[in-house]
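Participant: Pasting the sequence and the predicted coordinates here, then a few questions.
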Amino acid sequence: MSLRKSISLYIRYAAVCVRSIMEYKLSFGLMIFGRCMIAFTEFLAIRFLFDGLTEIKGYTYGDVLLCFSVIHMSFTLSELIGNGFKTFSGIVKSGEFDRMLLRPCSPILQIIGTRFEIGRTGPLITSTITLCLGIRESQVHWNFLTAFTLLLMILGGTLLFIGLYMLGASFCFFTIEDTSILNALTYGAKEHGKYPIDVYGRGVLRFCTFVIPYTLVQYYPLQFLLGRSTSWVLGLCPVGVVVFLAICYGVWCAGVRNYKSCGS
Amino acid sequence: MITMEHVCKSYKVAKRKAGLGEVCKSFFRREHEVVHALKDVSFTIGEGEMVGYIGPNGAGKSSTIKILSGILTPDSGTCRVDGRIPWKNRTEHVRQIGVVFGQRSQLWWDIPVIDSFELLKEIYSVSKENYNRKLEELTELLQLSEILKTPTRQLSLGQRMRCEVAASLLHEPRILFLDEPTIGLDAVSKLAVRDFIKKMNREHKTTVILTTHDMQDIEAIAERVISIGKGQILLDGSLQDLQTAAGVFDVAEGSENVPGGDSKAIEKENTATQSGINLDHVMAALYKKLDIM
Amino acid sequence: MKKYWMFFKVRFASGLQYRMASVTALSTQLIWGIMECLAYKAIAEAMGTGLPMEYSSIVTYVWLKEAFLALFLTWTGDKDIFALIQSGGVSYELCRPVSVYSMWFSRIVGGRGAEALLRSIPILICAFLLPGTLRMSLPVSIEAFVLFLVTLVLAVGVAVALCMFVNMLCFFTISPQGWRMVLLGSADFFMGNIIPLPFFPENFRKVVEWLPFPYMQNVPFRVYSGDLPVADLGPVVAKQVLWLVILVAAGLLTWKQVEKKIVVQGG
């Protein structure tokens, strides 16, 4: 199936999902509002902490806000797109995955298409506001390169989270029901990724470089963004996430193969 | 059209035991048990045939259907559908088949049925003319015109099943798999679905493979019956062959074989339903005789 | 009373079996706690003397929070009762010869208690063994420890009563999930789950202290480390009791309305 056809099909799926949710307008509004508010309380926590602070390890309030917004935006976007992978164990258990294999298009397209959940975009409202605040108050000198780096960070983060969801979904094929580790990795990254990773010390920094490459979308490009390093190569780090995504995709394919030979 | 030769399939199933100690043990070392779902299964089905595929729960029915539809790869043996190997050319293969699961829906819950159909049109890349023509035909035969604009969640089970069947046929498949299509339906809907399937078969030469526990379905639709038990084909023939094999063909004598049955009442029932009830007894007797329960 | 003890016990036993294999959940929580402590360490270093709570108290607070997470879950917990409300299965509950409110209350307490007991022991052991600045400290005094236990019980009461109240309110809306998310999601912040209450600005905190939320985990966890001195505890405990009474009363009153509604409309 061609890329254009795939994209148009994805948009159709998304449109159907949106129409379905609009059957329950009140519920939808409350979900958006609730999620937006929860994200807002997290922002408020940072605001309160910085009442008595000027900087943490050299990062100002604005810098931390920037970091917070990037991670929150990536996370929200990844949930919006990758929700199907997140809820994949349910898709397998209900037999819906069998149905997807009976259709002449990519199962991945169907998984992400059928579970497009617009109600998850609530935090996007909050993180857009905090991003604006962050852009105004941080130490960044804005020009084309830095703006591009910021965009790359958000995109890279989104892909990284999607990769993790995909990895978690692949586990369902190998009869591992407990996906709490992967939940911890994604929610944990959202929760603790609001501070630049070196705040947590060197051990954590290493883990987030070599095991799960969070630093590619957060710490390294941030060094360039905040002018702590002049090397623009650091600003391109988020591109490296593609490699991680490819690995996750490999595991996914192995999982599908296993599913076809073992059944559910 | 469909050939299956010496197909075998086995699963590894983790053993589960009760008790706290066993739970702890299984945490470190899991014991596996091999279950043979299919043991050397062979059959051929020609174009336009209507075949009932029956057997008790866990006999291997759904494994067979999954292999034929390309969801599952067998351990050994060959299988060809229309010259294709289902699990190797999945996308091309699934374009040619339609599957109805009686217990699961493929329609979107909250949107009108017609919108689900439109989406399926895109998924199967059906051209506009073909889609309109087919939709018109299905709407007429299944009497869908009044329910197409209703969201699925507001449909009755019978209405929903008619839509499910239509949804599986929009892309004009040459083979239709029906997995318990009449489960839970009322009498009128059952008859409507059965009539429709027969009509599709007559007019389009659609090959139909039907799994069910409802013997009336078999009686009404299937010209040929394949019975499977414990992963093996037990019987492949007409409905009469089945009854002969079970040794309870004669209706009058058959009632004697019914355990604990009041023969007069059953005779009455038989005449009323044209041996429909009796077929259940035939199957039970067959399963019992072949020792597969 | 015996009946409610049985409901408690059944939940407790099933919780025990269910959680046997959750080593992963434990490690997850440990890592989570360590990350939080590390962040506060950096904050403490940056703030110096301006820190509103001693660093060791914060570490203890973090570990207690992780250990007793299950007790104070807000909107993610009590799935089965919530499902009962949504599916309409609640009419069956009415057929049992017991007070539904008390039954649910004891069931929730039992479920949370079992989960918390199982999780807290390994987490606390690890937290006491961690090196240096990450280690949890012992209670500041014996009185503080006793009062910690007393206020913990009260706090669980307040938390469960609040959840029950919200659950009951869910009967009156077509969008229970949404309301639950809005109401209980905000509770997370006000009860000190995101940052401890001493980090709130003075005026803001004074307002928040009029709400029921600070009388949950906030009280016992700070009593333990001496951040809330034993001597000042009288009015706090009184407010805890007051909120418990108010919330149970509100829950019972709403339940009466719910009952009427079910009987009239058939669930």
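Facilitator: Good, I have the coordinates.
Participant: got the contact list for residue 236?
Facilitator: Just going to use chain A. Taking CB atoms under 8 Å, 6 or more residues apart in numbering or on different chains, we find A:L236 in contact with A:149, A:152, A:221. For the C-beta atoms, the positions are set from N, CA and C on the backbone; glycine is no exception.
Participant: Not quite, go with chain B.
Facilitator: By CB under 8 Å, 6+ apart, B:D236 lies in contact with B:43, B:224-227.
Participant: One more: B:L157?
Facilitator: So B:L157 contacts B:184-186, B:189 (CB under 8 Å, 6+ apart).
Participant: distance of it from A:I111?
Facilitator: Counting by CB to CB, to the nearest Å, the gap from B:L157 to A:I111 is 28 Å.
Participant: Now do the helices in the stretch 51-200 of chain C.
Facilitator: C:55-67, C:79-87, C:90-94, C:100-129, C:142-169, C:176-190 (DSSP state H, counting those that start in this stretch).
Participant: Can you lay out those helices as JSON lines showing distance to C:M136, mean neighbour count and mean pLDDT?
Facilitator: Converted to JSON lines, these look like this (distance: least, CB to CB, whole Å; neighbours: other CB atoms under 10 Å in any protein chain shown; pLDDT from 0 to 100):
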{"stretch": "helix C:55-67", "distance to C:M136": "4", "mean neighbour count": "23", "mean pLDDT": "94"}
{"stretch": "helix C:79-87", "distance to C:M136": "30", "mean neighbour count": "14", "mean pLDDT": "67"}
{"stretch": "helix C:90-94", "distance to C:M136": "41", "mean neighbour count": "13", "mean pLDDT": "70"}
{"stretch": "helix C:100-129", "distance to C:M136": "4", "mean neighbour count": "19", "mean pLDDT": "87"}
{"stretch": "helix C:142-169", "distance to C:M136": "13", "mean neighbour count": "21", "mean pLDDT": "91"}
{"stretch": "helix C:176-190", "distance to C:M136": "22", "mean neighbour count": "20", "mean pLDDT": "82"}
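Participant: Same list (those) but as TSV, adding distance to B:K149.
Facilitator: Output for the helices of the stretch 51-200 of chain C, formatted as TSV (distance: least, CB to CB, whole Å):
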stretch	distance to B:K149
helix C:55-67	53
helix C:79-87	28
helix C:90-94	33
helix C:100-129	41
helix C:142-169	36
helix C:176-190	28
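Participant: of all these, which lies closest to chain A?
Facilitator: Closest to chain A of the helices of the stretch 51-200 of chain C, according to CB to the nearest CB: helix C:176-190, at 2.7 Å.
Participant: can you tell if the closest one touches chain A?
Facilitator: Yes: Helix C:176-190 comes into contact with chain A (CB under 8 Å from any CB of the partner chain), by way of C:177-179, C:181-182, C:185-186, C:188-189.
Participant: buried sites along the helix or strand containing A:G250?
Facilitator: Using DSSP states H and E, the element containing A:G250 is helix A:241-262. With burial defined by 16 or more other CB atoms under 10 Å in any protein chain shown, the residues of helix A:241-262 counted as buried are A:241, A:244-245, A:248, A:251-252, A:255, A:259-260, A:262.
Participant: quick one: the strands in the stretch 1-150 of chain B?
Facilitator: Assigned by DSSP state E, counting those that start in this stretch, the stretch 1-150 of chain B shows strands spanning B:2-14, B:32-45, B:50-54, B:76-81, B:97-101.
Participant: is the helix or strand hosting A:I81 anywhere near chain C?
Facilitator: Following DSSP H and E, one finds A:I81 within helix A:61-86. No: Helix A:61-86 stays clear of chain C (CB under 8 Å from any CB), getting no nearer than 10.7 Å.
Participant: How far off centre is that helix?
Facilitator: Offset of helix A:61-86 from its chain centre (CA atoms, centre = their mean, to the nearest Å): 5 Å.
Participant: if I pick B:G46, what's in contact with it?
Facilitator: B:1, B:207.
Participant: should've said B:K190
Facilitator: B:182, B:214, B:216-217.
Participant: just A:G134 next, same as before
Facilitator: A:62-63, A:65-69.
Participant: Now the buried members of those residues.
Facilitator: The buried subset of the contacts of A:G134 (16+ other CB under 10 Å) comprises A:62-63, A:65-69.
Participant: Please enumerate the helices of the chain.
Facilitator: The chain I'm using is chain A. A:3-21, A:25-49, A:61-86, A:88-93, A:96-101, A:107-114, A:122-137, A:144-171, A:180-192, A:202-210, A:219-225, A:241-262 (DSSP state H).
Participant: um, chain B though
Facilitator: Going by DSSP H, chain B shows helices at B:20-28, B:61-68, B:90-95, B:113-123, B:128-142, B:157-169, B:187-204, B:215-221, B:239-246, B:251-257, B:263-273, B:276-289.
Participant: which of those sits most buried?
Facilitator: helix B:61-68 (a mean of 24; mean count of other CB atoms under 10 Å in any protein chain shown).
Participant: With adjacent residues omitted, what lies nearest to B:M50?
Facilitator: B:V208 (4.5 Å; CB to CB, 6 or more residues apart in numbering or on different chains).
Participant: which residues pair with the one you found across the strands?
Facilitator: B:M50, B:L176 (DSSP bridges).
Participant: Surely it and B:G52 touch.
Facilitator: No: between B:V208 and B:G52 there is no contact under CB atoms under 8 Å: 9.2 Å.
Participant: tally of neighbours for the residue of chain B found nearest chain A?
Facilitator: With CB to the nearest CB as the measure, B:D110 is the residue of chain B nearest to chain A, at 4.0 Å. B:D110 is flanked by 18 other residues according to other CB atoms under 10 Å in any protein chain shown.
Participant: Verify the stated contact: it with B:T152.
Facilitator: Yes: counting by CB under 8 Å, B:D110 does reach B:T152; the two are 7.4 Å apart.
Participant: if we can go back for a sec, nearest to C:K3, out of the strands of the stretch 1-150 of chain B?
Facilitator: Ranking those by proximity to C:K3 (CB to CB) places strand B:2-14 first, at 37.9 Å.
Participant: just the angle between that closest one and strand B:32-45, please?
Facilitator: Here the directions of strand B:2-14 and strand B:32-45 differ by 170 degrees (axes from the mean of the first three to the mean of the last three CA atoms, to 10 degrees).
Participant: Output the contacting helices and strands for the helix holding A:I81.
Facilitator: Counting contacts by 3 or more CB pairs under 8 Å, 6 or more residues apart in numbering or on different chains; DSSP states H and E, helix A:61-86 is packed against helix A:25-49, helix A:107-114, helix A:122-137, helix A:144-171, helix A:180-192, helix A:219-225.
Participant: Columns distance to A:V211 on top of those helices, output as TSV?
Facilitator: Below are the helices and strands packed on helix A:61-86 laid out as TSV (distance: least, CB to CB, whole Å):
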stretch	distance to A:V211
helix A:25-49	25
helix A:107-114	25
helix A:122-137	26
helix A:144-171	12
helix A:180-192	9
helix A:219-225	14
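Participant: Adding mean pLDDT, write those helices out as TSV.
Facilitator: Output for these, formatted as TSV (pLDDT from 0 to 100):
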stretch	mean pLDDT
helix A:25-49	92
helix A:107-114	94
helix A:122-137	93
helix A:144-171	94
helix A:180-192	85
helix A:219-225	93
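Participant: Please list the residues of the stretch 101-250 of chain A that sit near chain B.
Facilitator: Counting by CB under 8 Å from any CB, the residues of the stretch 101-250 of chain A lying close to chain B are A:101-105, A:175.
Participant: Which of these are buried? Put it as a ChimeraX command.
Facilitator: Applying 16+ other CB under 10 Å to these, the buried members can be selected in ChimeraX as follows:
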select /A:101,102,103,104,105
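Participant: Which members of the residues of the stretch 101-250 of chain A next to chain B additionally contact chain C?
Facilitator: Of these, not one also sits near chain C (CB under 8 Å from any CB).
Participant: that older thread, if I look at the nearest residue to the residue of chain B closest to chain A once chain neighbours are set aside, how far off is A:F173?
Facilitator: In this structure, B:D110 finds its nearest non-sequential neighbour in A:S20, 4.0 Å apart by CB to CB, 6+ apart. Relative to A:F173, A:S20 is positioned 27 Å away (CB to CB).
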